[in-house]
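>>> Could you look at this predicted model? Sequence included:
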Amino acid sequence: MKYSFVALATVVVLTACQPQLNSKQICADNPQLCADIDQKRWCRRPRSELVHTRYMAEQMPSATNTYQLLIDTESYQNCMATIADMVAKPGTNSNSNSTQWYLRSIDTLENLQKQTETDPDPLLSLYHWARSKDPAAKQRFLAAESAGKVIERKAKHQAAVYFLKNEPAKAHGYVMQLLSNYEIDQENDKELLDLSALSYLKNNLQEEALVMMIIGNSPQIAVGMIGGHFKVSDAELARFEQEADKVRRLLNKGNFEAEHWKL
């Protein structure tokens, strides 16, 4: 089955009839989403991303949105940890309450992790396996994998990331599913394209890795990042660029068959 942006229609329904809300508007209309966040000073970008993710998770509850909520809560907590450490140094504002907000961010993350630690969803099980080496979470994920229940795009992507270091062949299987079953473009899917290049490289498919890197970047950047692994002549680079153009068109239309692609 091919998946396209049409599958995101339910998301569009939430936003098509109203202007995109900013974090200040979300907090004003939904104060419960922002009560544990310092809305005035610290960590503007991770704070805004967390507020938007909380709003989306409330409007459209799903395992994928809950996973993103965990990730964005981590990012906000890490930022607040840095701020609290900076403010605590001599010569800084000792009256700052950044430590209070940092401690609240720890509580928030711990509570969210506790709420999701036994969730059977493969993506959330993978999160807890990766973060805390939870053996129960590991078993839940592996059972879901054996039963063919790792089907969401985010779950496949994170599984590929997780397995890439120690089980590159397994990771590559997930990468090929992603490349073959979705419409992929450079602007919106650069993270996946870079992951694909790393996966091909880890599986000793150097030429394919270079093509994927060209699709996600400029040829010059691609050669700079991967060229150290093998020599590339000008003639070969021209051939790889031509192949990249062909593969890019197939990816854009969702017609790429990764399992049958070899150079």
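Received it, and whenever you're ready, just let me know what you need. Because the structure is predicted, anything quoted here is derived from the model rather than measured.

>>> Let me see the ranges of the helices in the stretch 1-150 of the chain.
With DSSP state H, counting those that start in this stretch as the criterion, the stretch 1-150 of the chain has helices at 9-15, 23-29, 44-59, 63-87, 98-116, 122-132, 135-146.

>>> so which of the ones you listed is the most packed in?
Scoring these by mean neighbour count under mean count of other C-beta atoms under 10 Å gives helix 122-132 as the most buried, with a mean of 21. Bear in mind the C-beta positions are built from the backbone N, C-alpha and C, glycine included.

>>> Run the chain-centre distance for it.
Counting by C-alpha atoms, centre = their mean, to the nearest Å, helix 122-132 is centred 14 Å from the centre of its parent chain.

>>> so what does that helix touch, helix or strand wise?
Using 3 or more C-beta pairs under 8 Å, 6 or more residues apart in numbering; DSSP states H and E as the contact criterion, the secondary-structure elements in contact with helix 122-132 are helix 63-87, helix 98-116, helix 135-146, helix 153-163.

>>> Rebuild the ones you listed as TSV, extending it with mean pLDDT and distance to Asp194.
Rendered in TSV, the data for the helices and strands packed on helix 122-132 read as follows (pLDDT from 0 to 100; distance: least, C-beta to C-beta, whole Å):
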stretch	mean pLDDT	distance to Asp194
helix 63-87	93	18
helix 98-116	93	27
helix 135-146	98	24
helix 153-163	97	11
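
>>> can you put these in CSV and add distance to Arg45?
As requested, the helices and strands packed on helix 122-132 are arranged in CSV below (distance: least, C-beta to C-beta, whole Å):
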stretch, distance to Arg45
helix 63-87, 8
helix 98-116, 15
helix 135-146, 30
helix 153-163, 21
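
>>> any chance of the helices of the stretch 1-150 of the chain in JSON lines, plus distance to Gly254?
Formatted as JSON lines, the helices of the stretch 1-150 of the chain follow (distance: least, C-beta to C-beta, whole Å):
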{"stretch": "helix 9-15", "distance to Gly254": "16"}
{"stretch": "helix 23-29", "distance to Gly254": "33"}
{"stretch": "helix 44-59", "distance to Gly254": "25"}
{"stretch": "helix 63-87", "distance to Gly254": "20"}
{"stretch": "helix 98-116", "distance to Gly254": "32"}
{"stretch": "helix 122-132", "distance to Gly254": "22"}
{"stretch": "helix 135-146", "distance to Gly254": "24"}
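
>>> right, so of those helices, which gets closest to Ala209?
helix 122-132 (24.3 Å; C-beta to C-beta).

>>> Below-threshold pLDDT in this protein: ranges please.
Low-confidence segments of the chain, defined by pLDDT under 70: 1-19, 87-96, 226-229.

>>> run the last query once more with 50
Where the chain drops to pLDDT under 50, the residues are 1, 3-19, 95.

>>> can you count the residues close to Ala244?
The criterion is other C-beta atoms under 10 Å. On that basis, Ala244 has 19 neighbouring residues.

>>> Just give the nearest non-adjacent residue to it, would you?
Excluding the flanking residues, the one nearest Ala244 by C-beta to C-beta, 6 or more residues apart in numbering is Ile214, at 4.1 Å.

>>> what do you get for Ser105?
The spatially closest residue to Ser105, leaving aside those adjacent along the chain, is Gln77, at 4.1 Å (C-beta to C-beta, 6+ apart).

>>> circling back to that earlier point, report the contact partners of the residue nearest to Ala244.
Counting by C-beta atoms under 8 Å, 6 or more residues apart in numbering, Ile214 makes contact with Ala222, Phe240, Glu241, Ala244.
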